[in-house]
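**Student:** no sequence for this one, just the structure:
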């Protein structure tokens, strides 16, 4: 995953030697450094490559859970995955889930909410509703809208409970005229 511009070098008049490393894959790497008579005192040495700027065409939104019961408690889960141009996860990026009427992201119905991406470049947002319907939420970062950022999800009617249900006649009486 790492390419060096050289595997050996000569020290300059100050006793310094410079080798450059390149990678498109983020992560921590280990380099072993030796001189003629063995390894240097602080060898091996760790160095890091970090993800670049988010790439909107590679960053996506998906549903982890969909079709929750509209009871104000059951949750649908939306996940945003933020990646750079080389598909490296972007850590610590703030993702905004826009205010959606009828949906509660944990701060109250109809309020927007944010979360920050973790080490895997993702953040998840739980949503509840007490109104069965199909909802549309836009998901953005400061660079813009993510691929599939306007995501549809649904809250469904729960099972019928006979103890909470009742029958009602309306009207309670009609003319006995053979037509009604």
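**Tutor:** Structure's in. What do you need? Quick caveat, the model's predicted, so the values are computed rather than measured. Numbers count the residues shown, from 1 in each chain.

**Student:** Please count neighbours and contacts with C-alpha atoms only from this point.
**Tutor:** Noted.

**Student:** What are the buried residues along the lengthiest strand in the chain?
**Tutor:** Longest among the strand segments of the chain by residue count, using DSSP state E, is strand 144-156. Neighbour-count burial for strand 144-156 flags 145-147, 149-150, 153-156 (criterion: 16 or more other CA atoms under 10 Å).

**Student:** Tell me which helix or strand comes right after the helix or strand of the chain with the lowest mean pLDDT.
**Tutor:** For the chain, using mean pLDDT, DSSP states H and E, the weakest element among its helices and strands is strand 38-39, scoring a mean of 78. The first helix or strand that comes after strand 38-39 along the chain, using DSSP states H and E, is strand 45-49.

**Student:** For that next one, which outside residues touch it?
**Tutor:** Strand 45-49 is contacted from outside by 23, 25-33, using CA atoms under 8 Å, 6 or more residues apart in numbering.

**Student:** What about the residues you listed, which are in strands?
**Tutor:** 27-31.

**Student:** Dump the residues you listed to CSV, plus distance to residue 109 and neighbour count.
**Tutor:** Conversion of these to CSV gives the following (distance: CA to CA, whole Å; neighbours: other CA atoms under 10 Å):
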residue, distance to residue 109, neighbour count
27, 40, 13
28, 42, 10
29, 46, 13
30, 49, 12
31, 52, 10
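
**Student:** farthest-separated two in these?
**Tutor:** Of all pairs drawn from these, the greatest distance, 13.1 Å, lies between 27 and 31 (CA to CA).

**Student:** Now for residue 57, how many residues are close by?
**Tutor:** Counted with other CA atoms under 10 Å, residues neighbouring residue 57 total 14.

**Student:** Please apply the same query to the one 10 residues further on.
**Tutor:** For residue 67, the tally of surrounding residues (other CA under 10 Å) stands at 18.

**Student:** gap between it and residue 132?
**Tutor:** Using CA to CA, to the nearest Å, residue 67 is found at 10 Å from residue 132.

**Student:** Pull up the overlap in contacts between those two.
**Tutor:** 154-156.
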